[in-house]
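Engineer: just need the structure, nothing else, for what follows:
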Amino acid sequence: MSFRQKIFSKNGSGVYALKPELDDKWEDKFKTTRYKGGDIIYQQGEPFQTYHILLEGAVKNGCQIADGKKILFNVTYPGEVLEKVTLNSSVRKCFARSLTESRLALIGKEDFRSFLLENPKMCSHLVSQLSEKLSLQYQIKMARVLEGTRGALLFLIKDLYENRTSRSGNRIHTSETDLANLLGVSRETISRHLSQLRQKGIAEADRNGISVLDGKKLKKLAPDI
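Structural biologist: From the prediction side, this is the model:
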């Protein structure tokens, strides 16, 4: 059983939530903070002094490039460490914004390193997280090679849908622009494919994200990579 499975469970809809019997233990062990949807958790360029473990909700990780454009490169799910790709940095290389109402456990940088040394299973969990993210990127690229942009988009939406939290319902809090950044295509291309999915009764998009209308159809159409 993985670290995530020990601390989080899937409900009847297949979404992750913190196990109730462990909720108080997190409150005792770490300082926890709640964020509303749209709240900035930290900014790119800030001193890196605290790690965040996502307990509830969904968080967007992105970076701002030279022309001021903000690009999404990751969505963090419950059980993940927000800073897993910048563990040794002294300055935050990206920003984090809460996509939904979220709760995070906070732990100081040195305390977190001590915690990892004392808990090898947590180190294994971090390696597994990085492996899963790298695997996802590989699968998206393979889906695009084998099935084109439409196949890669279906695969990505399915992954986001399957990892949504209990508060999200059938919603994926990722915009068309974010999906375009993740797939390396134009927003217009994503919009065209999403329009086709809406016509088929699978998913529809609005300004704040995507609503999955038929999860079974989505999983059936998404390529199995």
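Engineer: hey, which helix is longest across this structure?
Structural biologist: Assignment by DSSP state H gives helix 120-162 as the longest helix of the chain.
Engineer: what's that one packed up against?
Structural biologist: helix 3-7, helix 109-118, strand 171-172, helix 176-183, helix 187-199, strand 209-212, helix 215-221 (3 or more Cβ pairs under 8 Å, 6 or more residues apart in numbering; DSSP states H and E). In this view, the C-beta of every residue, glycine as well, is placed from N, C-alpha and C.
Engineer: most tightly packed of the ones you listed?
Structural biologist: Of all the helices and strands packed on helix 120-162, strand 171-172 has the most neighbours on average by mean count of other Cβ atoms under 10 Å, namely a mean of 24.
Engineer: quick check: mean pLDDT of that strand?
Structural biologist: Taken as a whole, strand 171-172 carries a mean pLDDT of 84.
Engineer: counting by contacts, list what that strand packs against.
Structural biologist: Using 3+ Cβ pairs under 8 Å, 6+ apart: strand 171-172 touches helix 120-162, strand 209-212.
Engineer: show me the one of these that comes nearest residue 93.
Structural biologist: helix 120-162 (15.2 Å; Cβ to Cβ).
Engineer: report the residue spans of this protein with pLDDT below the cut-off.
Structural biologist: Residue ranges of the chain with pLDDT under 70: 1-29, 84-88, 165-168.
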